[in-house]
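[1] build me a model from this:
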Amino acid sequence: MIKKQISEAEPTEKPLDRDGEGRQLYAEDILAMLEGELARRKEERRPLELQWILNANFQSGHQYCDINPANGEIFETEEGTARGSYNRIAPLIESRIANLKQLKYTMTVRPQTDEPEDEEKARISTKLLKSFIASSDFDSKRNMLLEWCELCGSAFILSWWDKDGGKAVGYDNGVPVREGELRYGLLTPYEVYPESIYKQDIEDQRSLLIEQVLTVEELYELYGVRLDGGTVDTFALTPVQSGGGYGHGISSAFALTYRQAENSVRLLTWFERGGRDYPDGRLIIAAGDKILHYGPLCYDTIPVCCVKCKNVPGQFFGRSVITELIPLQRAYNGVKNKLHDHIRTLAANPLLVPEGSVADMESLEDCGVTPGKVVEYNPERGAPTPLRFPDISGEVRLECESLQREMEYTAGVSQMTVVGNTDAGIMSGRAIEKLQQIDATRISLTGDNLRDAVKKLAQLWLGIFKRCAVGSRVVDSVGCTERGGAFVWSASDINSYDIAFETENELKYGEEAQKQEFFNALKLGLFNDENGHVPAATRRRALELMRLGCYSELLSSGELHTKNARRENALLEADGIGEPGLYDDDALHLEEHSRFALQQSFSELRRKDPSICKDFDAHIAMHVKRLAEAKMKETKGTKDEQ
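    Have a look, this model is predicted:
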């Protein structure tokens, strides 16, 4: 960090803090520190920023540009007469993103110990995470995160506690007091400035600076402060004039370039960990020339999570696949353009004309030999003859195919992933399956990075909930009982941050592979009971995997009775339980209720509320009684028939 600039003149406002040497810090000192750090960090990050811009240009089709190391700018390159861009990068990146979207993020919080109380708290934390992910539109944010991660190699998620969000719990002088709410949003790598780009993880950074460009309306919505807006430099994907060769210009290409945002302000957010000078850390928020917030860091850690496409040892920012594809794309464009130059030359039908043999040479030069045209020439001087060219070597065509396969290999996909085709000669189903596994393994490296980041994000969310949530809260949720419910939690219910995913990385063991394994086991009879029958639960799972839509219409009445019994178990604590229904299947209900009574959660419920469990015992006893009476009637009827 640069040395803080302390004003010599005594300001009129109150000091905000003191530095490590005991000198008073005023607002102008804090602003000067932020501006100085921002300038230093921008300069350090400048080479990476140029590479991100180049990546965006190539992905969008503007592929005749490069980085000038002398002045640190992107410049136009000139290559040959034809400058067509045969964009292979865009479909490869789209294929990668489509595969990465298959990942699932259903998480479970493991209990801190084997004590029943900790197990119950872990269940509450799991419900809290699932409910928050479902209600916060996580999928759309994840999709945008993937696109930025693939484009620049890194993307970030900022989480914060909004004290003005959530439900109103009271009023203070007519102003509603709210319970607060956890929020999060996407940060592009252009907005994040670490202390050093040579410290690999956020946990290694002592401070993190975020620069965002907001309109004055957006700033007011976030902080309730109105400032005068101005013109601020930022980035945008804009049309550029790109040469098309043969003297023609085209403007259909797009490139990521600097632009000026009107009526906007720069918002700077400074996160600093606790240290010797500031034991509680610091959180500074400034917009324009105004300090919006100055105080200790109100979180246990810097509330930013990073997702990387590829890890680079010793580097804070990740590496994009596009960076590795750019040299191959340039070579591919070059070979393709040479082929098209040759084809255009042949189509132009150039002629060798002896000097003075053609009377109207000017017309021949302007129009060539068009169909039906008569060319008058002097036989004594020789007839015009077509210019002969050597045939295109087969090696040139092979080079195109070789570059195409090399780009697919670099991107971690194959023809099967991109267009569903396999290479010539691959006919075996085992070979095709092996190719799919190879593709999945390479892409799964990015998938593992993404899953690890989501796990860290979930741990961060639980930490913010525990630190900032006050009092008991009610969260609406929908479970497997197909009925809306609610659970009550408080900060004391969060005591474990050990999070695990409920499923493996789908890129390593895909959904189709899991489905195939299930049906193979079903054919082998591995799910059959002692009577050789397939259990109802297994049949229901098979219907789900077959994706037949509303499979509940295909369920037998017995399976519906089982679902009803499970619903009664799930709602026992909230609604209690009465007598068995008139149409209940006593045998199936008794089986499900008995299974529930043997679980640890029921033992905890009996300890907390014995009266509910007594009603549940009476409910089971009624099922047993009705079942016994039914058997007695059946036995009596059999004897009467005999």
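[2] relative to Thr538, how far out is Phe518?
    To Thr538, Phe518 is 9 Å away according to C-beta to C-beta, to the nearest Å. Bear in mind the C-beta positions are built from the backbone N, C-alpha and C, glycine included.
[3] next, count neighbours for Leu103.
    Neighbour count for Leu103, taken as other C-beta atoms under 10 Å: 20.
[4] what secondary structure does it sit in?
    Following DSSP: H, G, I helix; E, B strand; the rest coil, the label given to Leu103 is coil.
[5] from memory it sits against Gly447, does it?
    Yes: Leu103 is within contact range of Gly447, at 5.6 Å (criterion: C-beta atoms under 8 Å).
[6] paired strands for the helix or strand containing Leu182, with orientation please.
    Under the criterion of DSSP states H and E, Leu182 resides in strand 181-187. Applying DSSP bridges, strand 181-187 is found paired with strand 154-162 (antiparallel).
[7] what sits up against the partner strand?
    141, 145-146, 148-149, 180-189, 191-192, 210, 298-299, 303-309, 317-318, 453, 457, 460-461, 464, 468 (C-beta atoms under 8 Å, 6 or more residues apart in numbering).
[8] cool, and stretch 163-175?
    176-181, 183, 471.
[9] which two in those residues are spaced the farthest apart?
    Greatest spatial distance among the contacts of stretch 163-175 (C-beta to C-beta): Arg183 and Gly471, at 19.1 Å.
[10] just how off-centre is the strand holding Leu182 within its chain?
    Here strand 181-187 is found 14 Å from its chain centre; the criterion is C-alpha atoms, centre = their mean, to the nearest Å.
[11] then stretch 628-639?
    On C-alpha atoms, centre = their mean, the centre of stretch 628-639 falls 62 Å from that of its chain.
[12] could you number the chain from 2 rather than 1 from now on?
    All set: I'll call the first residue 2, so the last point we hit is now stretch 629-640.
[13] where do the strands of the stretch 402-551 of the chain begin and end?
    When secondary structure is read from DSSP state E, counting those that start in this stretch, the stretch 402-551 of the chain shows strands at 474-479, 485-490, 500-502.
[14] and the lowest mean pLDDT element among the helices and strands of the protein?
    Within the chain, no helix or strand scores below helix 416-419, which has a mean of 57 by mean pLDDT, DSSP states H and E.
[15] buried set for stretch 517-535?
    Within stretch 517-535, the residues scored as buried using 16 or more other C-beta atoms under 10 Å are 519, 523, 528.
[16] before we move on, what about stretch 100-112?
    Buried residues in stretch 100-112, counted by 16+ other C-beta under 10 Å: 100-101, 104, 106, 108, 110, 112.
[17] got it, and stretch 568-578?
    For stretch 568-578, by 16+ other C-beta under 10 Å, it's 568-571, 573-574, 578.
[18] can you give me the pLDDT of Asn450?
    At Asn450, the model reports a pLDDT of 90.
[19] can you give me the neighbour number for it?
    19.
[20] identify the bridge partners of the nearest residue to it once chain neighbours are set aside.
    Nearest non-adjacent residue to Asn450, counting by C-beta to C-beta, 6 or more residues apart in numbering: Lys309, 5.1 Å away. With DSSP bridges as the criterion, Lys309 is bridged to Ser155.
[21] from the contact counts, what lies against the helix or strand containing Tyr333?
    Tyr333 belongs to helix 322-349 when assigned by DSSP H and E. Contact here means 3 or more C-beta pairs under 8 Å, 6 or more residues apart in numbering; DSSP states H and E; on that basis helix 322-349 packs against helix 28-61, helix 90-101, helix 139-153, helix 395-412.
[22] if we can go back for a sec, of Arg184 and Gly472, who's got more company?
    Neighbours per residue (other C-beta under 10 Å) separate Arg184 from Gly472, with Arg184 holding more: 13 against 8.
[23] still on that earlier bit, mind putting the contacts of stretch 164-176 in TSV, distance to Pro314 and pLDDT included?
    Converted to TSV, the contacts of stretch 164-176 look like this (distance: C-beta to C-beta, whole Å; pLDDT from 0 to 100):
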residue	distance to Pro314	pLDDT
Pro177	51	80
Val178	49	81
Arg179	45	84
Glu180	44	84
Gly181	40	87
Glu182	38	90
Arg184	33	92
Gly472	46	75
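[24] got the confidence number for the residue nearest the centre of the chain?
    Centroid check for the chain by C-alpha atoms, centre = their mean gives Arg143 as the closest residue, at 3.0 Å. Listed pLDDT for Arg143 reads 90.
[25] domain-wise, how is this structure divided?
    With domains defined by automatic domain parsing, the chain comprises 18-325+444-469, 511-642.
[26] would JSON lines of those domains with distance to Thr386 be doable?
    Shown next, in JSON lines, are those (distance: least, C-beta to C-beta, whole Å):
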{"stretch": "domain 18-325+444-469", "distance to Thr386": "24"}
{"stretch": "domain 511-642", "distance to Thr386": "62"}
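[27] now do the SS call for Val226.
    coil.
[28] as JSON lines, the contacts of stretch 164-176 with distance to Asp234 would be great.
    Below are these laid out as JSON lines (distance: C-beta to C-beta, whole Å):
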{"residue": "Pro177", "distance to Asp234": "39"}
{"residue": "Val178", "distance to Asp234": "40"}
{"residue": "Arg179", "distance to Asp234": "36"}
{"residue": "Glu180", "distance to Asp234": "39"}
{"residue": "Gly181", "distance to Asp234": "35"}
{"residue": "Glu182", "distance to Asp234": "33"}
{"residue": "Arg184", "distance to Asp234": "27"}
{"residue": "Gly472", "distance to Asp234": "45"}
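[29] of these, which is the nearest to Ser137?
    Ranked by distance to Ser137 (C-beta to C-beta), the contacts of stretch 164-176 are led by Arg184 at 8.1 Å.
[30] distance of the closest one relative to Ile125?
    Per C-beta to C-beta, Arg184 is found 21 Å from Ile125.
[31] could you do Tyr65 as well?
    Using C-beta to C-beta, one gets 57 Å for the distance from Tyr65 to Ile125.
[32] of those two, give the one with the bigger neighbour count.
    In this view Tyr65 and Ile125 are compared by other C-beta under 10 Å, and Tyr65 has more residues nearby, 21 against 18.
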